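# Okay, structure incoming, though there's no sequence with it:
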């Protein structure tokens, strides 16, 4: 699940006559606006891990689909996936 997340960089530069507290306040506002914390909490606390049976069933289904695709490709009923444009 973590691989699907896009990294977000939040950067704040200090202006000439700006206090450190003000820079920290602006940084926290930007972090809240980018919803980094909400996404991390959702990943950490609210995502369910799939059971072994569900994982195995998914793998078997994928293998069956691949075998069916290869069979249809050999028969010439479908085109190669790499030749199709998206």
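Noted; the coordinates are in hand. Being a predicted model, the structure only gives us computed values, none of them experimental.

# And for the longest helix seen in the chain, what's in contact with it?
The helix of greatest length in the chain, counted in residues with DSSP state H as the criterion, is given as helix 52-75. Surrounding helix 52-75, the residues in contact under the criterion C-beta atoms under 8 Å, 6 or more residues apart in numbering are 50, 78, 80. Heads up, the C-betas are built off the backbone N, CA and C, glycines and all.

# Just give me the neighbour total for the closest residue to the second one other than its chain neighbours.
Put plainly, it is residue 78. Beyond its immediate neighbours in the sequence, the residue positioned closest to residue 78 (C-beta to C-beta, 6 or more residues apart in numbering) is residue 72, lying 4.8 Å away. Burial of residue 72, expressed as a neighbour count using other C-beta atoms under 10 Å, amounts to 11.

# May I ask which helix or strand encompasses the residue in the chain sticking out farthest from the centre?
Ranking residues of the chain by C-alpha distance from their mean position (C-alpha atoms, centre = their mean) puts residue 17 at the top, at 39.9 Å. In the assignment (DSSP states H and E), residue 17 maps to no helix and no strand.

# just residue 29 next, same as before
Using DSSP H and E, residue 29 falls within helix 20-33.

# On the C-terminal side of that helix, identify the next helix or strand.
Following helix 20-33 in sequence order, the next helix or strand is helix 36-45 (DSSP H and E).

# Between helix 20-33 and that next one, find me the angle.
Here helix 36-45 runs at an angle of 50 degrees relative to helix 20-33 (axes from the mean of the first three to the mean of the last three C-alpha atoms, to 10 degrees).

# Check which residues of helix 36-45 are buried.
residue 36 (16 or more other C-beta atoms under 10 Å).

# Show me which of the contacts of helix 52-75 are buried.
Neighbour-count burial (16+ other C-beta under 10 Å) is assigned to none of these.

# could you dump the residues you listed to CSV with secondary structure, distance to residue 34 and pLDDT?
Conversion of the contacts of helix 52-75 to CSV gives the following (DSSP: H, G, I helix; E, B strand; the rest coil; distance: C-beta to C-beta, whole Å; pLDDT from 0 to 100):
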residue, secondary structure, distance to residue 34, pLDDT
50, coil, 29, 90
78, coil, 43, 88
80, coil, 41, 77
